[in-house]
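1. have a look; sequence and predicted model below, questions after that.
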Amino acid sequence: MGSPLPQKKSAHVIVVGNEKGGTGKSTTAVSIIVALLKAGRSVATIDTDSRQLSLTHYLENRSRWARGHNLMLEVPTHFSVRLGEGEVASEVEAHEFAAFAEIVERLGERFEFVVIDTPGSDSHRMRLSHAMADTLVTPVDDSLVDLDVLGRVDSETLAVRAIAHYAELVQETRRNRLAAHQRDTDWIVVRNRVSPAVTSARSSNL
């Protein structure tokens, strides 16, 4: 990891992550956030996808729509991690780590849950977010292309032949977290979308 992890306070950290883009990470994050808010829990959110900022834009639109319609919709306390500036990778990572650590420090003991949305690529910010996770939620589509980041699947037998790169990344960050803090990460893989063929087959059997 290079830099030491920020010392996490009492909040339970939920990270929504997948190295593949387009699997519905931000949509899943929003569902988790709204469910926690509706349950009366205090929630902070962090958007580390500095290019897309999908979660940030959704929460801004939610607040703007609520104000425009005079509605009291629950919203979390939100932060976004901006891209670091520097000509070499080590400088960029140092800036990004500093921004992330500052956000975590500001959260302190104020929140019960922190939900982090991550970029759909292997990056310093993505790995740092995964290392902070008490619970990691990985959405996948109903597709062998999506499953390929988790394991090499035989298209005929559907047997898993080998662990894939993203699953290896998760294993590595879990080992590092356990060694450093004696705390493991719960990893939940969520089937986010079901293909039309599967839906039609289910309907025909009803």
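-> Nice, thanks for sending it over. Predicted model only: the values in this text are computed from it and were never measured.
2. part of a helix, is residue 40?
-> No. Residue state for residue 40 (DSSP: H, G, I helix; E, B strand; the rest coil) corresponds to coil; a helix is not indicated.
3. pretty sure residue 63 sits against residue 75.
-> Yes. Taking contacts as C-beta atoms under 8 Å, residue 63 lies within contact range of residue 75: 5.4 Å. Just so you know, the C-beta spots here come from the backbone N, C-alpha and C atoms, and that holds for glycine as well.
4. the two: who's more crowded?
-> residue 75 (16 against 13; other C-beta atoms under 10 Å).
5. close enough to count as contact, that one and residue 34?
-> No. With contacts defined as C-beta under 8 Å, residue 75 does not count as touching residue 34, sitting 9.5 Å away.
6. could you pull out the buried residues of the helix or strand harbouring residue 14?
-> If you go by DSSP states H and E, residue 14 is part of strand 12-16. In terms of neighbour count (16 or more other C-beta atoms under 10 Å), strand 12-16 has its buried residues at 13, 14, 15, 16.
7. just the closest of the residues you listed to residue 131, please.
-> Proximity of the buried residues of strand 12-16 to residue 131, judged by C-beta to C-beta, is greatest for residue 15, which lies at 9.0 Å.
8. for the closest one, which non-adjacent residue is spatially closest?
-> Taking C-beta to C-beta, 6 or more residues apart in numbering as the measure, residue 15 lies nearest to residue 133, with 3.8 Å between them; neighbours along the chain are not counted.
9. can you tell me how far the one you found sits from residue 164?
-> Separation of residue 133 from residue 164 (C-beta to C-beta, to the nearest Å) stands at 19 Å.
10. tell me where this protein has strands.
-> If DSSP state E is used as the criterion, the strands of the chain fall at 12-16, 43-47, 77-80, 113-117, 135-141, 151-153, 160-163, 186-193.
11. give me the phi and psi for residue 17.
-> phi -150, psi 150 (degrees, to the nearest 10).
12. what separation do you get for the residue nearest to it when sequence neighbours are not counted and residue 132?
-> When the adjacent residues along the chain are set aside, residue 17 lies closest to residue 118, with 4.3 Å between them (C-beta to C-beta, 6+ apart). The span separating residue 118 from residue 132 equals 10 Å under the rule C-beta to C-beta.
13. residue 59 too?
-> In this structure, residue 59 and residue 132 are separated by 20 Å, where distance is defined by C-beta to C-beta.
14. do residue 66 as well
-> Relative to residue 132, residue 66 is positioned 29 Å away (C-beta to C-beta).
15. how many neighbours does residue 137 have?
-> The local packing count at residue 137 equals 22, with neighbours defined by other C-beta under 10 Å.
16. for the one 3 residues further on, same thing?
-> Other residues near residue 140 come to 20 when the count uses other C-beta under 10 Å.
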